[in-house]
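S.K.: Sequence first, then the predicted structure:
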Amino acid sequence: MTIVLIDADATSLTISWPEEDPPAGEKTTFYTLQWRRGSDAPDAFATLADRLSSPQVRKRTLSDLSGAGFHFRVRRSDRPAGPWTSHPAPLLLLSPADASR
């Protein structure tokens with residue numbers, strides 16, 4: 001299971017991950033999503049949201065002057081000690097020239 005890049009432009013990334021069945025007795029699965037810049041320390045993740053109900057999100061207003069990209073990780077909110085789902089390589093924004101094509 002991995003996070004996949006769905007769309008990118010010069011200032012945003014849209015990512016998705018496999019949807020999981022809701023916990024017993026619940027109608028919805030909630031997710032905790034964290035991110036960090038590729039140039040940050042490997043453990044420097046910050047929480048973007050801790051109760052997402054959709055397995056897809058668009059992160060806007062990004063800037064990547066270093067060119068190191070971004071890392072994301074996600075897990076079910078009801079499993080705070082559960083494993084993180086991530087992706088192997090940094091996700092990169094498009095250059096302004098590529099984004100305008």
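M.R.: Arrived safely. Numbering: from 1, shown residues only.

S.K.: Might you report the residue contacts of the most centrally placed residue in the chain?
M.R.: In the chain, the centroid-proximal residue (C-alpha atoms, centre = their mean) is Phe72; its distance is 3.8 Å. By C-beta atoms under 8 Å, 6 or more residues apart in numbering, the residues touching Phe72 are 3, 15, 33-35, 59, 86-87, 91. Where you see a C-beta, it was placed from the backbone N, CA and C, and this is true even at glycine.

S.K.: is it fair to say Ala97 lies in a strand?
M.R.: No. Using DSSP: H, G, I helix; E, B strand; the rest coil, the secondary structure at Ala97 is helix, not a strand.

S.K.: What is the neighbour count of it?
M.R.: Here the count is done by other C-beta atoms under 10 Å, and Ala97 has 8 residues near it.

S.K.: how close does it get to Ala10?
M.R.: Distance check for Ala97 against Ala10: by C-beta to C-beta, to the nearest Å, it reads 9 Å.

S.K.: Could you do Ser54 as well?
M.R.: Between Ser54 and Ala10 the computed distance is 24 Å (C-beta to C-beta).

S.K.: Tell me which of the two has more neighbours.
M.R.: Neighbour count, other C-beta under 10 Å: between Ser54 and Ala10, Ala10 has more, with 15 against 11.

S.K.: Local confidence estimate at that one?
M.R.: Per-residue pLDDT puts Ala10 at 94.

S.K.: Please apply the same query to Gly25.
M.R.: The score at Gly25 is 87. That number is its pLDDT.

S.K.: count of residues packed around it?
M.R.: Gly25: 5 surrounding residues under other C-beta under 10 Å.

S.K.: doesn't Trp17 make contact with Met1?
M.R.: Yes. In this structure, Met1 is within contact of Trp17 by C-beta atoms under 8 Å, at 7.0 Å.
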